[in-house]
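Peer 1: sequence plus predicted model, see below.
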Amino acid sequence: MLILTAKESYYPVFWKMVRLWSFTLIYGIGFCLKITKDKNIEENKSYMFCPNHSSLMDPFVMVALSKNPIVFIGKKELVKIPIFGFFYKRVVIMVDRSCPKSRKRVFRKAKEKLRNGVSMGIFPEGLVPTENIPLAPFKNGAFSLAIEFQIPVVPQVYYDCKRLFSWDFFKGGPGVFRIHQKNFIETKKLTLADVDQLKKQTFDLIYQDLINDKKYMKDTNRPNNEQKFKSPL
């Protein structure tokens with residue numbers, strides 16, 4: 001890992017190792033993946049992957065789903081984790097949400113990475129919502145970058161990560177992570193004036209999948225399982 005994170009040109013090889021690690025972690029803990037794809041990604045093409053965020057397992061699921069190298073934007077606080085933090089800061093674009101300068105730096109670094117042909121993985125909610133909220137409002141960053149570089153947005157729906165690998169120590173257990181990779185949203189001919197439209201389109205695709213999934217609504221703690229939620233966008 002020290003060698004493969006030493007140079008940016010080594011990243012594709014490093015990515016293969018990270019994918020192997022992700023599969024080992026997911027299946028080793030006792031989970032398996034059931035993946036439905038409306039469309040497959042193409043090799044050597046850049047995408048903007050945008051899943052809902054619900055669990056610590058989400059990044060490993062995203063890695064497992066893509067043969068194409070993905071660069072993540074992640075929280076600066078994770079650098080403090082021993083050993084993991086050392087490698088984390090070498091391969092992830094870190095953001096300090098309390099610092100406007102940090103956000104500008106993230107945008108600049110992301111543009112550099114996308115110019116090199118890799119894909120970008122961003123959880124557009126920017127946080128993990130509480131269990132009674134199916135999907136938190138999206139931030140603009142992922143959609144601004146997707147439009148600027150004219151790369152497709154890939155909405156992904158993770159139904160079971162929160163339920164099976166909960167933030168609550170006393171919840172969860174082995175099971176199946178169901179994943180739905182939706183049809184891609186093309187950004188060709190879109191301009192930055194279309195960011196809100198693109199953001200809403202992506203949000204609605206994921207949101208409707210979540211609230212229409214009976215297992216998701218039944219097994220996750222909701223104030224009222226029959227309640228119809230209204231999109232906050």
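Peer 2: It's in. Since this is a predicted model, take the numbers as computed values, not measurements.

Peer 1: contacts for the longest helix belonging to the chain, please.
Peer 2: Scanning the chain for the longest helix, with DSSP state H as the assignment, gives helix 11-29. Identification of contacts with helix 11-29 by C-beta atoms under 8 Å, 6 or more residues apart in numbering yields 1, 4-5, 32-33, 57, 60-61, 63-64, 66-67, 69-70, 91, 118, 165, 174, 177. In short, each C-beta sits where N, CA and C put it, glycine included.

Peer 1: in the following helix or strand past it, which residues are buried?
Peer 2: Beyond helix 11-29 on the C-terminal side, the first helix or strand identified by DSSP states H and E is strand 31-37. Neighbour counts over strand 31-37 (16 or more other C-beta atoms under 10 Å) mark Phe31 as buried.

Peer 1: how far out from the middle of the chain is the longest helix of the chain?
Peer 2: Taking C-alpha atoms, centre = their mean, to the nearest Å, one finds helix 11-29 lying 16 Å from the centre of the chain it belongs to.

Peer 1: buried sites along that helix?
Peer 2: Going by 16+ other C-beta under 10 Å, helix 11-29 has these buried residues: 11, 14-15, 18-19, 22, 26.

Peer 1: again, but for stretch 85-99
Peer 2: Buried residues in stretch 85-99, counted by 16+ other C-beta under 10 Å: 87-88, 91-95.

Peer 1: tabulate the residues you listed (TSV), appending distance to Val157, secondary structure and pLDDT.
Peer 2: Converted to TSV, the buried residues of stretch 85-99 look like this (distance: C-beta to C-beta, whole Å; DSSP: H, G, I helix; E, B strand; the rest coil; pLDDT from 0 to 100):
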residue	distance to Val157	secondary structure	pLDDT
Phe87	29	helix	69
Tyr88	26	helix	73
Val91	26	helix	72
Val92	23	coil	79
Ile93	24	strand	79
Met94	27	strand	76
Val95	24	strand	73
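
Peer 1: can you pull out the helices in this protein?
Peer 2: Along the chain, counting by DSSP H, helices occupy 11-29, 58-65, 84-91, 100-115, 141-148, 161-164, 195-211, 214-219.

Peer 1: may I have the last one exported as CSV, CA atoms only?
Peer 2: If I follow you right, that is helix 214-219. Taking Å, rounded to 0.1, in the frame of the first residue of the first chain, the C-alpha atoms of helix 214-219 are listed here in CSV:
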residue,chain,number,x,y,z
LYS,A,214,-41.7,-2.2,1.1
LYS,A,215,-38.8,-4.0,2.8
TYR,A,216,-36.9,-0.8,3.3
MET,A,217,-39.9,1.0,4.7
LYS,A,218,-40.9,-1.9,7.0
ASP,A,219,-37.5,-2.8,8.4
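
Peer 1: distance from it to the middle of the chain?
Peer 2: 21 Å.

Peer 1: got phi/psi on Lys7?
Peer 2: Here is the backbone geometry of Lys7 (degrees, to the nearest 10): phi -130, psi 150.

Peer 1: ok, it to Val13 distance?
Peer 2: 10 Å (C-beta to C-beta, to the nearest Å).

Peer 1: filter the contacts of helix 11-29 to the buried ones?
Peer 2: Applying 16+ other C-beta under 10 Å to those, the neighbour count classes 4-5, 57, 60-61, 63-64, 66, 69-70, 91, 118, 165, 177 as buried.
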